[in-house]
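Novice: predicted model, plus sequence, below.
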Amino acid sequence: MIGSPPPTCWLKLNVDGTVFGELHKAGVGVILRDEAGKVILAASKVEFEVNKTEAIEMLAIFRALQLCTSMGIHRLIMELDCLMDIQVLNNELVSDAMLTPFVSEIRKVLRVFVECKFQHVYREGNQVAHILARYAWNVENISIWNECYPEFISQAVWLD
């Protein structure tokens with residue numbers, strides 16, 4: 001298993017964002033799992049007029065947190081492959097001006113959680129979220145799979 005499951009009473013959320021340059025849109029992919037590795041939620045969401053990789057990664061974090069707050073989640077470990085975003089959110093690095101509005105909104109949403117930790121994972125450990133983000137170019141708004149996942153990520157889920 002590439003990733004490790006979260007501790008008991010925690011959930012783990014892998015997040016990724018990708019930009020489709022010529023199409024003037026981007027995609028967000030998220031997958032939420034429990035301590036047994038069971039998929040609780042998978043989602044692909046399209047975002048329009050986002051053309052910077054740094055911006056879509058922060059927007060992906062924000063969208064993922066929004067989904068989790070609507071589900072009443074209290075303890076969350078969020079994994080992503082963008083080390084810079086993790087350093088910004090862990091107050092180890094100052095965000096550039098373009099990302100400041102995203103960071104402010106994320107910090108507001110974080111108040112809902114009892115605890116939320118941000119961890120870096122290499123691309124190989126974030127493959128499922130990456131595939132879901134790439135799939136978003138087929139989505140009109142958002143596709144959500146509750147307590148299951150789409151067939152096109154089954155091999156990546158199994159390998160993870």
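Specialist: Cool, the structure landed.
Novice: rest of the way, CA atoms for contacts and neighbours
Specialist: Fine.
Novice: enumerate every residue touching Gly29.
Specialist: Gly29 sits next to 15-17, 42-45, 60, 129-134, 136 when contact means Cα atoms under 8 Å, 6 or more residues apart in numbering.
Novice: residues near the nearest residue to it once chain neighbours are set aside, how many?
Specialist: Nearest non-adjacent residue to Gly29, counting by Cα to Cα, 6 or more residues apart in numbering: Ala133, 3.8 Å away. Using other Cα atoms under 10 Å, Ala133 has 25 neighbouring residues.
Novice: show me which positions of the helix or strand containing Ala133 end up buried.
Specialist: For Ala133, the element it lies in under DSSP states H and E is helix 127-135. Along helix 127-135, these residues count as buried under the neighbour rule (16 or more other Cα atoms under 10 Å): 127-135.
Novice: which of those lies closest to Glu79?
Specialist: The closest of the buried residues of helix 127-135 to Glu79 turns out to be Ala129 (Cα to Cα; 9.7 Å).
Novice: which ones are touching the closest one?
Specialist: Applying Cα under 8 Å, 6+ apart, we find Ala129 in contact with 14-16, 29-31.
Novice: CA atoms of the helix holding Ala133 as PDB?
Specialist: The C-alpha trace of helix 127-135 is given here as PDB (Å, rounded to 0.1, in the frame of the first residue of the first chain):
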ATOM      1  CA  GLN A 127      -2.600   8.800  -8.000                       C
ATOM      2  CA  VAL A 128      -6.300   8.200  -7.300                       C
ATOM      3  CA  ALA A 129      -7.000  11.900  -6.600                       C
ATOM      4  CA  HIS A 130      -4.900  12.700  -9.700                       C
ATOM      5  CA  ILE A 131      -7.000  10.400 -11.900                       C
ATOM      6  CA  LEU A 132     -10.200  11.900 -10.500                       C
ATOM      7  CA  ALA A 133      -8.900  15.500 -11.200                       C
ATOM      8  CA  ARG A 134      -8.100  14.500 -14.800                       C
ATOM      9  CA  TYR A 135     -11.600  13.000 -15.200                       C
END
